[in-house]
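In: Following is a predicted model, sequence given first.
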Amino acid sequence: MANEIMNEFPLANIVKVEIVTEETTPKTYMLTDVASEAEVTAYVSEGEEKPLRIKNVIKAQNNTEDIVMGYDIKLVNATMVAEVLALVDGGTLKFDSTDTAKLLGYDGPPVGSPVSRKLFTTYIYTEEKDVNGGTLSYVKFGYKHCKGTPVNYSLQDGEFFAPELTAKSRPEKDESPVSIEFLDQLPA
């Protein structure tokens, strides 16, 4: 039996999250030192095990495998980034009419109507750590065709607001549901 070489990557921290809109002129939102948690859960069409049982004997079994159809992504942010909130939640940012850089507020999508949310790709960067705590390299996880979901708000006295932003990544036929890249340096 031949020994196989294994590449191990001790990963820690979220060093950056990029959210890139999937439109003719894409917008990129860089979240550095903002995301404190990323939970990625496989969205699966579960297979079945169907035995052919006659009385107390199994004669055969017909099995189908679980199939990954995408991922559900939850980002917990240490601070609120209004532009990303609007993208994920599907609402509208309000700006000052005389100073378009001055954000005045946010309106969530109207109640009782379908919401037209923009698709985006999410990239989550983490670090490969050395035994001395130094950073050896970076690992980039990518999830295509994400669509935001309504945002839940939890405000607590004496605590910082940590918004949870959730999205559903559903790749197209023959696309991989996740891409993982190994990088020597963090992209600028």
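Out: Received the coordinates, thanks. The shown structure was predicted, so the numbers you read here are calculated from the model rather than taken from an experiment.

In: Who is the residue nearest the centre of the chain paired with across the strands?
Out: With distances taken as CA atoms, centre = their mean, Ile73 lies nearest the centre of the chain, 3.6 Å away. Beta bridges link Ile73 to Val40, Ala167 when assigned by DSSP bridges.

In: In terms of pLDDT, where does it sit?
Out: As predicted, Ile73 sits at a pLDDT of 96.

In: Quick check: it touching Glu39?
Out: Yes - with contact defined as CB atoms under 8 Å, Ile73 reaches Glu39; the gap is 7.4 Å. C-beta coordinates here come from the backbone N, C-alpha and C atoms, glycine included.

In: How many residues are close by the closest residue to Asp89 other than its chain neighbours?
Out: Spatial nearest neighbour of Asp89, excluding adjacent residues (CB to CB, 6 or more residues apart in numbering): Val151 at 4.4 Å. Close neighbours of Val151, defined as other CB atoms under 10 Å, add up to 16.

In: ok, now which ones touch Val151?
Out: 85, 88-89, 108, 163-166 (CB atoms under 8 Å, 6 or more residues apart in numbering).

In: Quick one: residues contacting the residue nearest to the centre of the chain.
Out: Ile73 touches 38-41, 122, 143, 146, 166-169, counting by CB under 8 Å, 6+ apart.

In: Tell me the first helix or strand C-terminal of the one helix or strand Gly70 maps to.
Out: Using DSSP states H and E, Gly70 sits in strand 67-77. Counting by DSSP H and E, the element after strand 67-77 in chain order, helix or strand, is helix 82-89.

In: Please identify the pairing partners of the lengthiest strand in the chain and their relative orientation?
Out: Ranked by residue count, the top strand of the chain under DSSP state E comes out as strand 135-148. Looking at strand 135-148 with DSSP bridges, its partner strands are strand 120-129 (antiparallel), strand 164-169 (antiparallel), strand 179-183 (antiparallel).

In: Now mean neighbour count too, for those, in CSV please.
Out: Compiled in CSV, the strands paired with strand 135-148 are given as follows (neighbours: other CB atoms under 10 Å):
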stretch, mean neighbour count
strand 120-129, 20
strand 164-169, 20
strand 179-183, 12
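
In: Centre of the chain to stretch 119-134, how far?
Out: Once both centres are worked out by CA atoms, centre = their mean, to the nearest Å, stretch 119-134 turns out to sit 13 Å from its chain's centre.
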